[in-house]
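# Got a predicted structure plus its sequence, pasted below:
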Amino acid sequence: MGKILRVNMTELTAKYEDVPEKYALLGGRALTSALVADEVPPDAHPLGENNKIVFAPGLLTGTNAPCSGRLSVGAKSPLTGTIKESNAGGITAQKLASLGIKAVVVEGRPPEDGLHLLVINEDGAELVPAGKFAGMGCYALTRGLWQEYGANSGIISIGPAGEMRMALAGVSTNDREGDPGRYAGRGGLGAVMGAKGLKAVLVRTDKTFDAPVKDPEKFAEAVRKLTKALAEHPVTNQALPAYGTAVLINILNEAGGLPTRNFSSGRFEGAAKVSGEAMAEAVAQRGGKGRTGHACHPGCVIRCSNIIPDAKGEVLCTPVEYESTWALGPNCGIDNLDHIAMLNRLCNDVGLDTIETGVTLGVLMEAGVLAFGDGEAAINLLDREARNGTPLGRILGGGSALAGKLFGLTRVPTVKDQGMPAYDPRAVKGMGVTYATSTMGADHTIGYSVTANILKVGGFVDPLQAEGQVDLSRNLQVATAAVDASGLCLFTAFALLDIDYALPSVVDMINAQYGTSLTVDDVFNYGKEILKTERAFNAAAGFTAAHDRLPEFMKLEKLPPHQVTFDVPNEELDTVFNF
């Protein structure tokens, strides 16, 4: 059944305990949200001793189910004030699950200032002083820990931004090459980890696919079916491995939904220079250590990651994904791929969420602090100001809503103080519904309507029309909650939505692993229960329907080139969770 590892930072202890029966069939987001809802007072200060940060592998993580290596990180968010789950790939989640750990719960605060390292291995877990790593970026930290504890260790870490408790600080995990950059980036969870005095969690084991399975034969057959579905779907078998997630740059630009220069336009004239196709071309021309079709964790068959090389063929950044490319590129008017990759690398090292960083840079550019298109100035701001916590660096680290208030701006693209990702809600209206009503602020992964709005996966809903967007977002939010609990990568959803046997194969895997008899309907109800848990926490924290709204400028300013506004009525937004 596994164990929960409870880490008390006040007492500096790490103890295993049995998993309560009510959590037996919870994993990933379902488990992090349940633990936060049950154990964190809704009115707790996100950086105070009563908040907790939870790390949980998914239900299928630690098995050879394809693309099942996701790690969920949960807490009350310092950025939004809501409950928060953010998840990442990398190698750590599979190691935790293979050691029988369903969740790591970190609580309390150390009695004195200082940093600690949580070391987990096959013999147990302990906290050790980590003062020598203070202020260290995630690249040097990861390499130092590999040298000290052995290569192939799984590492969950924060950079200087997390230590300084910046509201946009993320939580990094490492890939198989030992590089950081697989981020649970959204919501400022790195600041919670920093407030706990926890610099890193290190998991030392060579186990990867050792989670127990009750019916191996049925499990293997279900794995075969899902793998076949992922190999059949053109998005997961062709577009993503060839061009990475940044294949969406040209697609969204053509659709007029690529937010440009702080959401002032839906098209960017330099899109082709920073697209997935341009990245693939740079990898081919520069060679060296560059790669496309890279897997972020063992067992990934989609391989949407990449390694972007510099002019000498050395690693510049891995990965450079669509949302990061957009945030640090078109949203800032930057069309230099090397500048974008360096900005991404700096975010990985300093410990910043690339999306919130790019949105905040766009707001600061709108304010005239630096010029749109000035990649070198943006690099200096991250490397000199944010890394060192100067006043301007702290403003950047406070996020886009704070920057907008400080500079008196009205075009500030946030919901619940979290910056919007790479799809303008006026031209991709299903995403607008998701941003407005998500339990976690503006978050594209919560209900990814781009599937039906733009890619025509799982049907088609006209992205420029208000009709049908609420139903689309609702169904996707429910399904996504369940996927996040499973530990499967969100990109498996392309096959799950389009291929009739794909979703039943996931249910069959869960049943074979746990000895259950769930149906597809049961899994959808499972997703609904996750959303109910999260919404109940938020309601107790003071959030109401009035918070489920997009910023006013999106209803007033027409977005070129389609000259559209966001016109889904508030009354319809309020029906999203009428299950």
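Happy to help now that I have it.

# And the helices in the stretch 201-350 of the chain?
In the stretch 201-350 of the chain, the segments counted as helices under DSSP state H, counting those that start in this stretch are 216-232, 234, 240-243, 248-255, 276-286, 322-328, 337-350.

# Could you dump those helices into a markdown table and include mean pLDDT, mean neighbour count and distance to residue 115?
In this view, the C-beta of every residue, glycine as well, is placed from N, C-alpha and C. Listed next are the helices of the stretch 201-350 of the chain as a markdown table, based on pLDDT from 0 to 100; neighbours: other CB atoms under 10 Å; distance: least, CB to CB, whole Å:
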| stretch | mean pLDDT | mean neighbour count | distance to residue 115 |
| --- | --- | --- | --- |
| helix 216-232 | 98 | 17 | 40 |
| helix 234 | 96 | 12 | 47 |
| helix 240-243 | 96 | 21 | 37 |
| helix 248-255 | 98 | 22 | 38 |
| helix 276-286 | 96 | 18 | 36 |
| helix 322-328 | 98 | 28 | 27 |
| helix 337-350 | 98 | 25 | 16 |
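
# Now distance to residue 186 too, for those, in JSON lines please.
Formatted as JSON lines, the entries for those read as follows, by distance: least, CB to CB, whole Å:
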{"stretch": "helix 216-232", "distance to residue 186": "25"}
{"stretch": "helix 234", "distance to residue 186": "28"}
{"stretch": "helix 240-243", "distance to residue 186": "21"}
{"stretch": "helix 248-255", "distance to residue 186": "18"}
{"stretch": "helix 276-286", "distance to residue 186": "22"}
{"stretch": "helix 322-328", "distance to residue 186": "10"}
{"stretch": "helix 337-350", "distance to residue 186": "13"}
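
# among those helices, which is nearest residue 46?
Distances from residue 46 to each of these were compared using CB to CB; the shortest belongs to helix 337-350, at 20.1 Å.

# packing partners for the closest one?
The elements that helix 337-350 packs onto, with contact taken as 3 or more CB pairs under 8 Å, 6 or more residues apart in numbering; DSSP states H and E, are helix 138-149, helix 276-286, strand 315-317, helix 322-328, helix 354-366, helix 375-380.

# For residue 456, which of the ones you listed is the nearest?
Ranking the helices and strands packed on helix 337-350 by proximity to residue 456 (CB to CB) places helix 322-328 first, at 17.9 Å.

# now what about that closest one, what contacts it?
For helix 322-328, the surrounding residues in contact (CB atoms under 8 Å, 6 or more residues apart in numbering) are 244-249, 252, 258-259, 274, 276, 334, 339-340, 343-344, 347, 354-355, 357-359, 361-362, 378, 421-422, 444.

# go on, stretch 13-24?
By CB under 8 Å, 6+ apart, the list of residues contacting stretch 13-24 reads 1-8, 31, 34-35, 102-103, 118, 124-127.

# Between the two ends of that stretch, how far is it?
When the termini of stretch 13-24 are compared using CA to CA, to the nearest Å, they are 24 Å apart.

# Not counting sequence-adjacent ones, nearest residue to residue 32?
Taking CB to CB, 6 or more residues apart in numbering, and ignoring the residues beside it in sequence, residue 32 has residue 74 as its nearest neighbour in space, at 2.7 Å.

# That neighbour contacts residue 34, correct?
No: applying CB atoms under 8 Å as the test, residue 74 and residue 34 come out as separate, 9.0 Å apart.

# Which of those two has more residues huddled nearby?
Just comparing residue 74 and residue 34: by other CB atoms under 10 Å the higher neighbour count belongs to residue 74, 33 against 24.

# for the helix or strand harbouring that one, packing partners?
In the assignment (DSSP states H and E), residue 74 maps to strand 71-76. With contacts defined as 3+ CB pairs under 8 Å, 6+ apart, the secondary structure elements packing on strand 71-76 are helix 28-39, strand 53-57, strand 83-88, helix 92-98, strand 182-184, helix 189-195.

# right, and those - which one's nearest residue 214?
Here helix 92-98 is closest among those (CB to CB), at 15.1 Å.

# The helix or strand following that closest one - what's its average pLDDT?
Scanning forward in sequence from helix 92-98, with DSSP H and E defining helices and strands, the next element found is strand 101-107. If you average the pLDDT over strand 101-107, you get 98.

# Pull up the pairing partners for strand 101-107, direction included.
Using DSSP bridges, strand 101-107 pairs in its sheet with strand 3-8 (parallel), strand 53-57 (antiparallel).

# contacting residues around that strand?
Applying CB under 8 Å, 6+ apart, the contact partners of strand 101-107 are 2-10, 19, 23, 27, 31-32, 35, 39, 49, 52-57, 96, 118, 120, 193, 196, 198, 201.

# how much does it deviate in direction from strand 71-76?
With axes from the mean of the first three to the mean of the last three CA atoms, to 10 degrees as the criterion, the two stretches strand 101-107 and strand 71-76 enclose an angle of 30 degrees.

# Report how many residues lie close to the residue nearest to residue 335 when sequence neighbours are not counted.
For residue 335, ignoring the flanking residues on the chain, the nearest one in space by CB to CB, 6+ apart is residue 270 at 2.8 Å. A count of nearby residues for residue 270, using other CB under 10 Å, gives 19.

# how about residue 270, what does it touch?
Shown in contact with residue 270 (CB under 8 Å, 6+ apart): 329, 330, 333, 334, 335.

# pLDDT value on the fourth one, please?
In the predicted model, residue 334 carries a pLDDT score of 98.

# Pull the contacting residues for it.
The contact partners of residue 334, taken as CB under 8 Å, 6+ apart, are 270, 274, 328, 340, 343, 373, 374, 375, 378.

# ok, now the second one?
If a contact means CB under 8 Å, 6+ apart, then residue 330 has 249, 253, 258, 259, 260, 261, 268, 270, 271, 274 as its contacts.

# From residue 320, how far off is the third one?
From residue 258 over to residue 320 the distance is 16 Å, taken as CB to CB, to the nearest Å.

# Tell me where the stretch 351-500 of the chain has helices.
In the stretch 351-500 of the chain, helices defined by DSSP H, counting those that start in this stretch lie at 354-366, 375-380, 387-388, 391-397, 400-406, 429-437, 450-453, 469-486, 493-498, listed in chain order.

# just so I know, which of the helices and strands packed on strand 71-76 lies nearest residue 572?
When the helices and strands packed on strand 71-76 are ranked by distance to residue 572, counting by CB to CB, first place goes to strand 83-88 at 24.0 Å.
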